[in-house]
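Visitor: can you look at this prediction? I've put the sequence above it.
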Amino acid sequence: MAENQNKLAGSGCEVLVPTEDRKPLHEIERSIIKRYRKHIWSKFIKAIKEYELIQSGDRIAVAISGGKDSLLMAKLFQELHRHGNGNFELEFIAMDPGYHPDIKQLLIDNCKYLNIPIHIFESGIFEITSRIAEDYPCYMCARMRRGALYGKAQQLGCNKLALGHHFNDVIETTLLNLLCSGNFKTMLPKLKSQNYEGIELIRPLYLIEEEYIKRFIQYSGIWPLNCACMVAAKKIGSKREEIKELIEKLKESFINVDLSIFRAAQNVNMDSILGWEKDGKKYSFLDFYHE
Ligand SMILES: Nc1ncnc2c1ncn2[C@@H]1O[C@H](COP(=O)(O)OP(=O)(O)OP(=O)(O)O)[C@@H](O)[C@H]1O
């Protein structure tokens, strides 16, 4: 199994392997609210409250790629439904972009074991991106994937689409934009879709550090899908991976540097910036200088 997994992962991907035998489901579920209460469960609840991610009557499509983040997200939602105020409904959706059959089977088996009732639907995205976007497959794939997920959520009558982006994704995006695109833009905990009316995207793992997601998965003994990309994984070195390494290096010299990057997006001082963009319109500090 381990050898097979490694063959299927792209060479640029970090491969997460469990360190323990697969635990019974009830132990995995219990660990979320006991063993990982502080670093996972409480952070999940905090993000939901702080950013008002769930309202009574919501019908939430939880997007499952089969990777570590979205598997945890599914279990967190189920636990919340069970232990908290269950005044919302859940649908679990998994888009098959053209996975290798072994990868797809792993996704199905994991969800079955974890009691996550998924709707799998085909999109053919790998084939399309490799044919029409040979030079920029990741950009194209990400856009098409988002569209496919919104479409499915809408079809199932959902008003929210939950994605498994976590704290490290957020700070890496902030730094990636700053260092590579020359702008200051972070990933938000929720946003309204421009193209799919009535659907909001939510990111309930926003405050959870990746390190604890890895620990949870390793403890559970689940083999997540690591890198199921069949198009770009072996061709493109990821800038995001470099940023991840850079943050790790910075941590050696700057205490809480990850938190500082996160907080920078909460503490933007509008009196000390040169220019900004709002609703597609650009502004300069000079526009307001003589007011
Ligand atoms: N094929 C898919 N089907 C359903 N949801 C998906 C799919 N691919 C990605 N997603 C959703 O988008 C989120 C971000 O995707 P990305 O590829 O960046 O994943 P990731 O950071 O590797 O997370 P994960 O560990 O969940 O795969 C995922 O956590 C999941 O919620």
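Guide: Looks like it arrived, so ask away.
Visitor: the strand or helix carrying residue 42 vs the ligand: in contact?
Guide: According to DSSP states H and E, residue 42 maps onto helix 42-50. No. Helix 42-50 does not reach the ligand (C-beta under 6 Å from any ligand atom); its nearest approach is 13.8 Å. C-betas here are computed from N, CA, C, even on glycine.
Visitor: and that helix, which residues are buried?
Guide: 43-45, 47-48 (16 or more other C-beta atoms under 10 Å).
Visitor: which residues sit against the lengthiest strand in the chain?
Guide: Using DSSP state E to define each element, the chain has its longest strand at strand 89-96. Applying C-beta atoms under 8 Å, 6 or more residues apart in numbering, the contact partners of strand 89-96 are 58-66, 74, 77-78, 81, 104, 107, 111, 116-123, 125, 145, 148-149, 152-153, 156, 158.
Visitor: give me the buried subset of the residues you listed.
Guide: Counted by 16+ other C-beta under 10 Å, these give 58, 60-66, 74, 77-78, 104, 107, 111, 116, 118, 120, 123, 125, 145, 148-149, 152-153, 158 as buried.
Visitor: confirm residue 187 sits in a helix?
Guide: No. Read with DSSP: H, G, I helix; E, B strand; the rest coil, residue 187 is coil and lies in no helix.
Visitor: the closest residue to it other than its chain neighbours: how many residues sit nearby?
Guide: Once flanking residues are discounted, residue 187 sits nearest to residue 173: 4.5 Å by C-beta to C-beta, 6 or more residues apart in numbering. Residue crowding around residue 173 was assessed by other C-beta atoms under 10 Å; the count is 19.
Visitor: now residue 287
Guide: 10.
Visitor: you'd agree it is in a helix?
Guide: Yes. Using three-state DSSP, the assignment for residue 287 is a helix.
Visitor: next, count neighbours for the residue of the stretch 101-250 of the chain found nearest the ligand.
Guide: Of all residues in the stretch 101-250 of the chain, residue 164 sits closest to the ligand, at 2.5 Å by C-beta to the nearest ligand atom. Neighbour count for residue 164, taken as other C-beta under 10 Å: 23.
Visitor: does it really touch residue 76, like I thought?
Guide: No. In this structure, residue 164 is not within contact of residue 76 by C-beta atoms under 8 Å, at 9.7 Å.
Visitor: can you narrow the buried ones among the contacts of strand 89-96 to ones near the ligand?
Guide: Restricting these to those near the ligand - C-beta under 6 Å from any ligand atom - leaves 63-65, 145, 149.
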